[in-house]
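J.: following is a predicted model, sequence given first.
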Amino acid sequence: MNSHLDRRDLLKLLTASALAAPLQLTAAGTGKLYFSADEFVLLDLLTEHIIPRDAHSPGAHDASVADYIDRSVAEAFLPEEKESWKTGLAEIDRLSVESTKRPFVKAGKTGQIALLHKLAQAENDPKTDGEKFFAQLKEATVFGYYTSEIGIHKDIEYKGNVIQEQFSGYDAV
């Protein structure tokens, strides 16, 4: 029996592998490549609080920012990068229980926003684990949102490389 692959068989094998990878991701459904179902719900809620839906454009939930973060964390090379997200989400829940006696998801909108405002106050110089995680979360949320189709086209209304009849940007002096 010949154990060598010829070029045609190798190409078939590589093509089948390339086609199977996206199918596995889509079969998994929305999110939860790395996070548990409860962690994913918390992550999705947090990102929506950071960039909420408004009259002008859809929010982070609609842009699937939690899916983006879940995928990015699942693909992270260093274990500490992955673990920082799980411990950060747990810290948000711990702080929520401390301040509202409920996990973040069940704390009600007023309690949730109060906690996030408190964490955001130290945004420029985070010291606690919760403040550091909030800064990490906000950065990932903004990046995920503004690189999505919704963020680019519906929120900032990017027109692409087209000729515009008048300047519609900011004139920096």
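T.: Yep, that arrived.
J.: quick one, what contacts the residue nearest to residue 56 when sequence neighbours are not counted?
T.: Closest residue in space to residue 56, ignoring its immediate chain neighbours: residue 155 at 6.9 Å, by C-beta to C-beta, 6 or more residues apart in numbering. For every residue, glycine as well, the C-beta is placed using N, CA and C. The contact partners of residue 155, by C-beta atoms under 8 Å, 6 or more residues apart in numbering, come to 56-58, 145-146.
J.: try residue 128
T.: So residue 128 contacts residue 122 (C-beta under 8 Å, 6+ apart).
J.: for it, give its distance to residue 41.
T.: Going from residue 128 to residue 41 by C-beta to C-beta, to the nearest Å gives 24 Å.
J.: cool, and residue 74?
T.: Distance, residue 74 to residue 41, using C-beta to C-beta: 17 Å.
J.: mind checking how far whichever strand or helix holds residue 74 is from the chain centre?
T.: According to DSSP states H and E, residue 74 maps onto helix 65-75. In this view, helix 65-75 has its centroid 5 Å away from the chain centroid, taken as C-alpha atoms, centre = their mean, to the nearest Å.
J.: so what does the helix or strand where residue 142 lies touch, helix or strand wise?
T.: For residue 142, the host element (DSSP H and E) is helix 129-146. Packing partners of helix 129-146 (3 or more C-beta pairs under 8 Å, 6 or more residues apart in numbering; DSSP states H and E): helix 37-50, helix 65-75, helix 79-100, helix 108-120.
J.: in the last one, which residues are buried?
T.: Which is helix 108-120. 111-112, 115-116, 119 (16 or more other C-beta atoms under 10 Å).
J.: thinking again about what came up before, could you dump the helices and strands packed on helix 129-146 into a markdown table and include distance to residue 150 and mean pLDDT?
T.: Formatted as a markdown table, those follow (distance: least, C-beta to C-beta, whole Å; pLDDT from 0 to 100):
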| stretch | distance to residue 150 | mean pLDDT |
| --- | --- | --- |
| helix 37-50 | 12 | 96 |
| helix 65-75 | 9 | 96 |
| helix 79-100 | 23 | 96 |
| helix 108-120 | 21 | 96 |
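J.: still on that earlier bit, mean confidence score for the helix holding residue 142?
T.: Taken as a whole, helix 129-146 carries a mean pLDDT of 95.
J.: how far off helix 65-75 does that helix point, in degrees?
T.: 110 degrees (axes from the mean of the first three to the mean of the last three C-alpha atoms, to 10 degrees).
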